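Visitor: Coordinates only, no sequence provided:
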């Protein structure tokens, strides 16, 4: 194996390791609903994923240029790639749970807001619940 290819595979292994550590943190934050911390991780996550993609593309260029298209990834890299795949699956599951939770909270707020629409108007008269039917409401008691 060429030194260039070996160096590239080390970069790929490190790239997967970095992205996996970020995904582990993100999954922990998703489990505890710490959305701001997830947002704070996003720039680092994007950078590390871009670096990993670049390393993978460079490896492919080296393999194509040397005609060694049958060169497999090292065992360590295959293992970390599998871990990456599992972390992504967990990440998707937790993201969906967070979305479902947020949708439930929003629906509860909307339901409560609709229930509190009825009451008395500024004029002191009873005001029935009207859903937003227009931008202007005319009063006949003025």
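Guide: Thanks, I have the structure now. Values in this document were obtained by computation on a predicted structure and should not be read as measured data. Residues are numbered from 1 along each chain as shown.
Visitor: What count of nearby residues applies to the nearest residue to residue 101 once chain neighbours are set aside?
Guide: Distances taken as Cβ to Cβ, 6 or more residues apart in numbering place residue 33 nearest to residue 101, at 7.2 Å, with adjacent residues excluded. All C-beta atoms are positioned from the backbone trio N, CA, C, and that covers glycine. Using other Cβ atoms under 10 Å, residue 33 has 13 other residues around it.
Visitor: Pull up the gap between residue 33 and residue 54, please.
Guide: 33 Å (Cβ to Cβ, to the nearest Å).
Visitor: ok, the spatially most central residue of the chain - contacts?
Guide: In the chain, the residue lying closest to the centroid (Cα atoms, centre = their mean) is residue 95, at 6.4 Å. Each residue near residue 95 by Cβ atoms under 8 Å, 6 or more residues apart in numbering is listed here: residue 30.
Visitor: all strands for the chain, in order.
Guide: Counting by DSSP state E, the chain has strands at residues 119-120, 126-127.
Visitor: Lowest average pLDDT across these?
Guide: Lowest mean pLDDT of the strands of the chain: strand 119-120, a mean of 61.
Visitor: pLDDT-wise, which helix or strand of this structure ranks last?
Guide: strand 119-120 (a mean of 61; mean pLDDT, DSSP states H and E).
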